[in-house]
Every structure is written in C-alpha cells, then in structure tokens.
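> here are the coordinates; sequence isn't available:
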C-alpha cells in the first residue's frame with residue numbers, strides 16, 4: 001500500500017495535536033507511568049530529532065532512556081546493565097511469557113524488550129521515560145492499555161485490590177512523519193546502503209507506517225520533518241505542551 005502526502009496538505013503549523021482521553025485519577029496502589037513514545041518510519045530523521053531534543057533542547061532534564069533487554073551478545077565496550085541487560089534468547093522468551101515487558105520486538109533473529117522495571121527505574125530517578133519504538137510496538141502498547149483498563153474495571157467492580165495491576169500506563173504518543181513518501185524514498189536512496197529490493201521493501205513498510213501514524217485518534221501529536229531544524233523546534237514545543245513543561 002502506497003500513501004502520498006502532498007505539501008499542500010500540510011498545515012502552516014507543522015505540529016498537529018489532539019488530546020486522547022485518559023483517566024487523570026490515580027487508583028490506590030497503582031504507580032502511574034507516563035512515558036513519551038516516539039514513532040516514525042525508517043529514514044524520517046527520528047533519531048536525530050530525539051538526540052537534538054535531549055542534548056540541545058535540554059530534554060535530559062526531564063526525560064531518560066530505559067536500559068533494554070536483549071538476547072544478542074554484548075559487543076566490545078558494552079556493559080551489562082548499562083548499555084543493555086544481556087540475557088539468553090530462552091530467558092527472553094520466558095520473560096515475555098511472564099509479561100515482563102511493556103513492549104518487545106524481534107530484530108535480525110535477536111529479541112529486544114523494554115521492561116516495566118526499567119521504566120520504573122527511570123521514573124524513580126526523577127525522569128519520564130522516552131521510548132523510540134515502531135508502529136507494531138505502539139499497537140501492542142495500545143492493546144495492552146485496553147486490556148489493562150478492562151481488567152482494572154473488573155477488579156474494581158469486584159472490590160478486590162489484590163488483583164489490580166501494579167502500573168497505570170498513560171503514555172503520550174508522538175509520530176514523526178515525512179512531507180511525502182517520495183521524499184522519504186529519496187532520503188533512503190541517499191544513504192546508499194540499500195539494495196533496490198531492500199529500498200522497495202522499506203518504502204512499502206514506511207507507507208503503511210505513515211498511514212497508521214496519520215490515522216486520527218492514534219497519536220497525540222504528529223510532527224512533520226520537511227525541514228530538520230524546524231522539526232526539532234516543533235518536537236520540543238510539542239513535548240512541552242503535552243507534558244505542561
């Protein structure tokens with residue numbers, strides 16, 4: 001599926017915000033986690049925007065990255081518990097089965113995951129989590145939120161606090177979008193690291209991701225990256241508006 005975004009369709013203000021409904025009342029015994037979840041297709045400049053936000057816009061004062069789990073072997077210079085929590089693939093699958101992760105993915109035969117405990121550790125140190133994940137991860141987290149809401153409502157109706165979930169997840173979702181799929185294709189082509197087959201696959205995947213990202217009601221905000229410096233300013237302003245910083 002191909003999706004085309006024309007420049008004329010972009011609003012003069014590149015940030016499109018729309019509040020999603022969520023409960024603002026904490027329930028007894030629940031720890032509220034309100035991470036910033038950033039999503040966008042490959043080649044859109046998401047990593048650069050996040051890095052600029054953290055380093056040049058002082059995002060590190062309010063946000064921190066979790067230490068993820070992975071089944072891959074540590075590389076030279078990487079420390080367990082600092083760069084990743086390194087573990088076996090068998091252990092990773094067992095942790096997934098136990099619900100240890102808020103999101104996980106398989107990348108090049110290795111399993112990666114963001115644990116609830118890692119998110120809580122960031123928050124315990126006085127920061128909100130910043131998660132860079134793909135659309136599949138967003139879909140899993142949203143499905144988890146729906147299930148948690150149903151489960152919490154059921155246990156509250158049964159007046160059984162022992163069965164309540166330990167976390168109340170209230171993320172803010174920001175999608176980074178290209179001005180057009182054609183622009184994204186040219187950016188990927190400019191990397192000179194893709195074969196024609198790989199390029200077509202990435203562009204096709206990106207088109208589906210953009211279609212999902214621009215669907216009304218899924219993301220709290222969409223930042224268009226047709227100019228990197230402006231996109232960085234828009235991203236910073238968007239995050240501060242979403243969190244009242």
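That came in fine, so what should we check first? Only a predicted model underlies this, so the values are computations on that prediction, with no experimental measurement involved. Numbers count the residues shown, from 1 in each chain.
> Residue 73 - how many residues pack around it?
Counted with other CB atoms under 10 Å, the neighbours of residue 73 add up to 8. For glycine as for every other residue, the C-beta is placed from the backbone atoms N, C-alpha and C.
> Go ahead and list the helix or strand containing it.
Secondary structure from DSSP states H and E places residue 73 outside every helix and strand.
> Distance-wise, check it relative to residue 204.
The gap separating residue 73 from residue 204 is 31 Å, by CB to CB, to the nearest Å.
> Then residue 113?
Distance, residue 113 to residue 204, by CB to CB: 26 Å.
> higher neighbour count, the two?
Shown here are residue 113 and residue 204; by other CB under 10 Å, residue 113 has more neighbours (23 against 13).
> what's near enough to touch that one?
Counting by CB atoms under 8 Å, 6 or more residues apart in numbering, residue 113 touches 68-70, 92, 95-96, 100-101, 103-105.
> what about the host helix or strand of it, average pLDDT?
In the assignment (DSSP H and E), residue 113 maps to strand 110-115. Per-residue pLDDT over strand 110-115 has a mean of 90.
> Over to stretch 40-53?
Across stretch 40-53, pLDDT averages out at 92.
> Stretch 91-104 now?
pLDDT averaged over stretch 91-104 gives 92.
> Pull out the buried positions in it.
For stretch 91-104, a neighbour-count test (16 or more other CB atoms under 10 Å) marks 92, 95, 100-104 as buried.
> can you count the residues close to residue 105?
Neighbours around residue 105, by other CB under 10 Å: 16.
> same check, this time on residue 35
Residue 35 has 24 nearby residues by other CB under 10 Å.
> what's the answer for residue 196, then?
8.
> Domain-wise, how is this protein divided?
Per automatic domain parsing, the structural domains of the chain span 9-21+28-62+128-245, 66-126.
> mean pLDDT lowest for which of those domains?
Among the domains of the chain, domain 9-21+28-62+128-245 carries the lowest mean pLDDT, at a mean of 81.
> was I right about residue 133 contacting residue 36?
No - using CB atoms under 8 Å as the test, residue 133 is too far from residue 36 to be in contact (11.0 Å).
> Break down this structure into its strands, ranges please.
Along the chain, counting by DSSP state E, strands occupy 15-17, 31-33, 36-39, 63-64, 69-70, 85-86, 101-107, 110-115, 128-132, 167-169, 172-177, 221-224.
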